[in-house]
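Engineer: what follows is a protein structure lacking sequence information:
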């Protein structure tokens, strides 16, 4: 069996005994705990444990009546160290979110930690007593192991492995941990696309055109409206294939968790890899641009672009030189999710952090207070960095329409795609296409000089004996103007809701 070394259990917590005079850890018969358990803070994943190669995680489901409760040991992933709580009742409630996933809450109801158990051994000895739950586990590192080791899977059969992973997903609704084990033990997976895993499970897989770098990323389901994303990067360093946790959100030039930590930075947060692009320098060396997506809430999103290259076997950031001449390690934007959705009628998500392969140019939404204008700062690789080269409309918009201040709205009727822009002189512009056409095509109709003082919450455009009336903006509210009206000689000849 391809994945014969892995056991897929019942979701369990390992429980121990609270003695009257202290905390007694109940150990397991003669069967070692060979499977993996991972503790998450709401901002990241533990991948570094104590020197004794044990992981102690303690939680209290309710305050104990025992006055001699000792201080409890917890791993704080934000501080990257073990901590002792003076007040053990800091954790007052434990709730199972879904099989193998537990939320740990304080007295105020805030979720402080999430315990993630994607899998564990079937034959773990379980003991329970009182209000204390102690989880004792062997550490597990996703650092690359030699594929010739006794733990490696042989022969390499990705089709059979993918089949088993899909079967496991059907039963458990997650397979990310199982997949990472298989990828870690089989570097040749970099050449296999896992198309069915990518399409049918929680794991999103993005591979560069040259197939030398790949991202595996997923939402653990533990973060609520601010999702808890995990990302791993697999890459060919020229001598071997490495797999590591992807942690670019620090001032380190490195992005792999172990390298970031060795560089004296904390690796405690990641994100969802939304897109992956590839460029070339003048010598023909590859540059990879990864777009990292995060949500602060149901209303606020953000994306950051990281330019990467492989140097001396390590994955390193390439700096950006921004419009002010500052050297930064990433460029990005923050935006109101509902505002951008309604402004673009749901069509604008692919425009955020886009890359033009023809000109090797990265398009980053220009800075704004959570409001995007549909104008972009452009970056190209030049002399060792990604350099700002100007501001423009998106390359997906017809060149004749690039002169505007901001996008007011995209409106779709049954037959037309309509775009309304505010121009630099304060006037509005109307442009429309057949709905089947892209905005890169020549628009069928362009009208300028739109006015907002004729119809409430609407813009009116005059074109010979016709008037075109469209909403000022889309807010998602039912009380706004929500239709496109065409009049000829003052008579309505077409009215379509948008």
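Structural biologist: Sure, I can see it. Keep in mind it's a predicted model, so treat the numbers as computed, not measured.
Engineer: switch to C-alpha atoms for all contacts and neighbour counts from now on
Structural biologist: Noted.
Engineer: hey, which helix is longest across the protein?
Structural biologist: Assignment by DSSP state H gives helix 158-172 as the longest helix of the chain.
Engineer: just checking, what packs against that helix?
Structural biologist: Applying 3 or more CA pairs under 8 Å, 6 or more residues apart in numbering; DSSP states H and E, we find helix 158-172 packed against helix 176-185, helix 195-200.
Engineer: want to throw those helices into CSV with mean pLDDT, mean neighbour count and distance to residue 380?
Structural biologist: Formatted as CSV, the helices and strands packed on helix 158-172 follow (pLDDT from 0 to 100; neighbours: other CA atoms under 10 Å; distance: least, CA to CA, whole Å):
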stretch, mean pLDDT, mean neighbour count, distance to residue 380
helix 176-185, 86, 20, 33
helix 195-200, 96, 14, 30
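Engineer: would you turn these into CSV with distance to residue 350?
Structural biologist: Output for the helices and strands packed on helix 158-172, formatted as CSV (distance: least, CA to CA, whole Å):
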stretch, distance to residue 350
helix 176-185, 26
helix 195-200, 19
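Engineer: what's the closest of these to residue 314?
Structural biologist: Nearest to residue 314, of all the helices and strands packed on helix 158-172, is helix 176-185, at 16.9 Å by CA to CA.
Engineer: which secondary structure elements does the closest one sit against?
Structural biologist: Helices and strands touching helix 176-185, by 3+ CA pairs under 8 Å, 6+ apart, are helix 158-172.
Engineer: and the helix it packs on, which residues are buried?
Structural biologist: 158, 161, 162, 164, 165, 166, 169, 172 (16 or more other CA atoms under 10 Å).
Engineer: how about stretch 319-339?
Structural biologist: Buried residues in stretch 319-339, counting neighbours by 16+ other CA under 10 Å, are found at 319-322, 329-339.
Engineer: from those, which two are the most distant?
Structural biologist: 319 and 338 (31.4 Å).
Engineer: residue 255: which of the helices and strands packed on helix 158-172 is closest?
Structural biologist: Between residue 255 and the helices and strands packed on helix 158-172, the tightest spacing by CA to CA is seen for helix 176-185, at 17.7 Å.
Engineer: quick check: next helix or strand after the helix or strand containing residue 421?
Structural biologist: Take DSSP states H and E as the rule and residue 421 turns out to sit in strand 416-422. Using DSSP H and E, the helix or strand that follows strand 416-422 in sequence is strand 428-434.
Engineer: against which helices or strands is the next helix or strand after that following strand packed?
Structural biologist: Next helix or strand after strand 428-434 toward the C-terminus (DSSP H and E): strand 445-450. Under the contact criterion of 3+ CA pairs under 8 Å, 6+ apart, strand 445-450 touches strand 428-434, strand 458-463.
Engineer: lowest-confidence stretch among the ones you listed?
Structural biologist: In terms of average pLDDT, strand 458-463 trails the rest of the helices and strands packed on strand 445-450, at a mean of 93.
Engineer: relative to strand 428-434, how tilted is that strand?
Structural biologist: Here strand 458-463 runs at an angle of 70 degrees relative to strand 428-434 (axes from the mean of the first three to the mean of the last three CA atoms, to 10 degrees).
Engineer: average model confidence for the strand holding residue 421?
Structural biologist: Strand 416-422 carries an average pLDDT of 95.
Engineer: tell me the strands beside that strand, with direction?
Structural biologist: According to DSSP bridges, strand 416-422 has the following sheet partners: strand 406-412 (antiparallel), strand 428-434 (antiparallel).
Engineer: got the buried residues for it?
Structural biologist: Buried residues in strand 416-422, defined by neighbour count with 16+ other CA under 10 Å: 417, 418, 419, 420, 421, 422.
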